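Q: Generate coordinates for the sequence data below:
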Amino acid sequence: MKTIFCTMALFVALSSYTQLRLPAQSPNCIVSQNIGLTNIKIEYSRPSARGRVIFGENGLLPMNEVWRVGANNATKVTFSNTVFIDNKPLNKGSYAILAIPGLKMWELQWYPYVSRDWNKYVEMEPILKLQLPVIQNETYIETLDLCFQEISMNGGSLWLSWERTLVKIPIQVKEDEQIQKNIDNALSGPSIFDYYRSALYLHETQTSLDVALDYIQQATKAADAPFFMVTREALILKDLGEIKQAKMVAKKALKLSQKAGNKDFVRMNLDIINP
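A: So this is what the prediction gives:
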């Protein structure tokens, strides 16, 4: 019994220990910024100087040695679209960055993100190396700071600041073609999906069924209207009491549903055809 009691006491003590929460010396931070149509998210840990010299011969981070650009884990940068850094493309995805600080220049190295362990990247070949000049910061920065500045519709800068050191990473997005396509689509009028979603709302809420029918027929008149749109037209006609026309449309929707292999819509159309 004594052994069991001691074991239970130890388990309770360990459980209490694992639940202990304390502030982190280098707390995690997430920075997110839209540039153009692209979202950029940075996840990193923020160490503070706390009276220490950071860069230099006697600093915490000696010159010309690899640094993880943060504390704890590898710093992670995620792009929602392709971006250009120093006119070199980085595709949509997540990347880890390492830096080699120098007195006048820094080298910033980019790797496809594969692990939180920054040491895994040291032996890997970076997909991009970037040489950046060091700028002397007029303001002393106590805590490592990664932030976005100089933002325009097609670019910006990621500022890395700590102590009195500032390094600016230029980022460009080349989205003119996509933006022009978006403009052309918007100015050409509603798409069949806009009509469908509007009809769906009006039908599901049972308001303005006549308008819902008009909208859905704007969508289904397209030669490539999908099975679910044609089925919705049949359902709206049924609720309007246009049974004969509803069955005719349901027969067309049935064939499209069978071709698509959607059994749920096959059953829905059969229910309209043979109530």
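
Q: Quick check: which element contains residue 42?
A: strand 38-45 (DSSP states H and E).

Q: where along the protein do the strands fall?
A: Ranges of strands within the chain are 28-35, 38-45, 76-79, 83-85, 88-90, 93-100, 105-112, 128-133, 135-152, 155-172, based on DSSP state E.

Q: Give me the residues contacting the fourth one.
A: Spelled out, it's strand 83-85. Here strand 83-85 makes contact (Cβ atoms under 8 Å, 6 or more residues apart in numbering) with 35, 38, 40, 89-90, 110, 128, 130, 169-174. (Each C-beta comes from the backbone N, C-alpha and C, glycine too.)

Q: Read off the pLDDT value for residue 18.
A: If you check residue 18, the pLDDT there is 59.

Q: Oh, that last question was meant for residue 1, not what I typed.
A: Reading off the model, residue 1 has pLDDT 51.

Q: do residue 160 as well
A: Confidence score, pLDDT, at residue 160: 97.

Q: residues touching it, list them.
A: Residues near residue 160 by Cβ under 8 Å, 6+ apart: 69, 99, 144-146, 166-169.

Q: go again using 10 Å as the cut-off
A: 69-70, 75, 97, 99, 101, 106, 108, 132, 141, 144-147, 166-169 (Cβ atoms under 10 Å, 6 or more residues apart in numbering).

Q: same check, this time on residue 268
A: Contacts of residue 268 (Cβ under 10 Å, 6+ apart): 227-228, 231-232, 234-235, 250, 253-254, 257, 262.

Q: Spit out the contact partners of the spatially closest residue to residue 89 that is not a sequence neighbour.
A: Nearest residue to residue 89 in three dimensions, chain neighbours excluded: residue 82, at 5.6 Å (Cβ to Cβ, 6 or more residues apart in numbering). Shown in contact with residue 82 (Cβ under 10 Å, 6+ apart): 38, 89-93, 173-175.

Q: what's the answer for residue 228, then?
A: By Cβ under 10 Å, 6+ apart, the neighbours of residue 228 are 196, 200, 253, 256-257, 260, 262, 264-265, 268.

Q: try it again with 7 Å
A: residue 265 (Cβ atoms under 7 Å, 6 or more residues apart in numbering).

Q: From residue 250, how far out is it?
A: Distance, residue 228 to residue 250, using Cβ to Cβ, to the nearest Å: 13 Å.

Q: doesn't residue 63 make contact with residue 103?
A: Yes - using Cβ atoms under 7 Å, residue 103 is in contact with residue 63, at 5.9 Å.

Q: Thanks again, I'm all set now.
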